[in-house]
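> could you look at this predicted model? Sequence included:
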Amino acid sequence: MWWSQILLFLMGQSCFINCHLYEYLYIKELKTWTEAQLYCREKHTDLATVTNMTDMKRLLSTREGYMREAWIGLYDQTDGIRTWYWSLPGVEFNERETNWKPGEPNDKGNGNPENCGYLNKDLNWTDTGCQHTYHFLCYDETNRTQKYHLIREEKTWQEAQSYCRENHTDLISGMKQLQDGELKEVMKSVVEWTYIYFGLFRDTWRWSDGSSFSFRHWNDGLNNQQYKTGQCAVAGIDDEGRWKNDSCNKKKPFICFKDNVILIKEKMNWEDALYYCRDHYHDLVTITSLDEQRWVQEKAKNASTDYVWMGLRYTCTLDFWFWVSDEVVRYKNWASGEPVDDCDMSGAMETGGEHKWRKKKDNEIFNFVCF
């Protein structure tokens, strides 16, 4: 009985090829940014959204043999509100969780906007112009013996970001890292009145598809107001695929993306959601990496329920969790204390907060995510 149930869930759903939740398509026709946006929305999903360096490598691979420069979906809002972000992809800025020095941010840059943040010895924040040169702090998620690195070279904010991404993971980002005891030990060696860049920045750039991803890959200096030459972003100006801003009226090739992740705002129990996805798309969504987690949680933000169903199921008889697409559960994002295994349970993602996974009774009704 239990094997027939599992086979029913798995039958015909495996991805025998590498199934991406989204894919990039290079279009060699020359169009203005607005024309390119219209083309992508009509034929695919939208102009390309880029979430991290992994995306950049995938995006660059689409242009092989073609012109380097191509429009992507990032544009500068006219008189838009500057929004604070963290440099490290997937870490969301929360205005209620900050550590600004009294009177900051004050944006008093002698005519230049203060779009970057620095720390003092006590880890208080101050806004500053990104063109200034300071020491900086890198984060390394792969180094188990030393997560935080104080770099005693003076660089602009973007130069510091590039250094951290090339040699570690990124500039330190988010309150979890800033409140880590290991970082406080590193900061004990800092001399008073030393200014140190970290991963806080703000800008008026937005993605065409409306997503809030903070990833930026500008050529050095181009994030500063005085370097602005246009309100639309071009990727691929060098071998690393760095971006520049240019006049939106210029005609260039462009890169679209096709989004295979669909948020269904109907409320269903887990099994009904499963069959709905299989009838209309491929399956309930599978998440096998942090990159995929970030992409799916961006969709989940727009749900009308507190959780969204995923294709994650617990088999009581065999005592393990499995993806209905037949993927092994390697990457995990369970909330603290989860899962305490129990029968008739499936996996759901929080639509707010840290978007952690939780086990939920199959008969509860939520929105769900297909792919």
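Everything's here; your move. The shown structure was predicted, so the numbers you read here are calculated from the model rather than taken from an experiment.
> confirm Leu274 sits in a helix?
Yes - judged by DSSP: H, G, I helix; E, B strand; the rest coil, Leu274 forms part of a helix.
> just give me the neighbour total for the nearest residue to it once chain neighbours are set aside.
Nearest non-adjacent residue to Leu274, counting by Cβ to Cβ, 6 or more residues apart in numbering: Leu284, 5.3 Å away. All C-beta spots, glycine's among them, are computed from the backbone N, C-alpha and C. Leu284 has 30 neighbours, counted by other Cβ atoms under 10 Å.
> now do the contacts for Leu284.
Leu284 makes contacts with 273-274, 277, 309-311, 324-325, 368-371, as judged by Cβ atoms under 8 Å, 6 or more residues apart in numbering.
> return a ChimeraX selection command for the buried portion of those residues.
Of the contacts of Leu284, the buried ones go into a single ChimeraX selection, burial set by 16 or more other Cβ atoms under 10 Å:
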select :273,274,277,309,310,311,324,325,368,369,370,371
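> CSV for the contacts of Leu284, including pLDDT and distance to Ser162?
Formatted as CSV, those follow (pLDDT from 0 to 100; distance: Cβ to Cβ, whole Å):
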residue, pLDDT, distance to Ser162
Ala273, 98, 43
Leu274, 97, 44
Cys277, 97, 41
Trp309, 98, 40
Met310, 98, 35
Gly311, 97, 38
Val324, 94, 41
Ser325, 88, 37
Phe368, 98, 39
Val369, 98, 34
Cys370, 97, 38
Phe371, 92, 33
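> nearest to Asn333 among the contacts of Leu284?
Nearest to Asn333 among the contacts of Leu284 is Met310, at 10.1 Å by Cβ to Cβ.
> just to revisit the earlier point, the contacts of Leu284 in strands, which ones?
Counting by DSSP state E, the members of the contacts of Leu284 that fall within strands are 309-311, 368-370.
> the nearest residue to Glu364 once chain neighbours are set aside and Asn367, how far apart?
When the adjacent residues along the chain are set aside, Glu364 lies closest to Asn269, with 6.7 Å between them (Cβ to Cβ, 6+ apart). Asn269 is 12 Å from Asn367, where distance means Cβ to Cβ, to the nearest Å.
> so where's the stretch 151-300 of the chain uncertain?
In the predicted model of the stretch 151-300 of the chain, residues 220-228 satisfy pLDDT under 70.
> my read: Thr315 touches Phe322, true?
Yes - using Cβ atoms under 8 Å, Thr315 is in contact with Phe322, at 6.6 Å.
> does Tyr163 belong to a helix, a strand or coil?
Tyr163 is classified as helix under three-state DSSP.
> ok, it - contacts?
By Cβ under 8 Å, 6+ apart, the contact set of Tyr163 is 136, 138, 151, 153, 155.
> my understanding was that the first one contacts Gln158; is that so?
Think Phe136. No - using Cβ under 8 Å, Phe136 makes no contact with Gln158, being 10.7 Å away.
> tell me which of these two has more neighbours.
More neighbours surround Phe136 than the other of Phe136 and Gln158, with 28 against 23 (other Cβ under 10 Å).
> would you say the more buried one is within a helix?
No - remark: Phe136 does not belong to a helix; assigned using three-state DSSP, it is strand.
> please report how far it lies from Thr305.
Distance from Phe136 to Thr305, by Cβ to Cβ: 41 Å.
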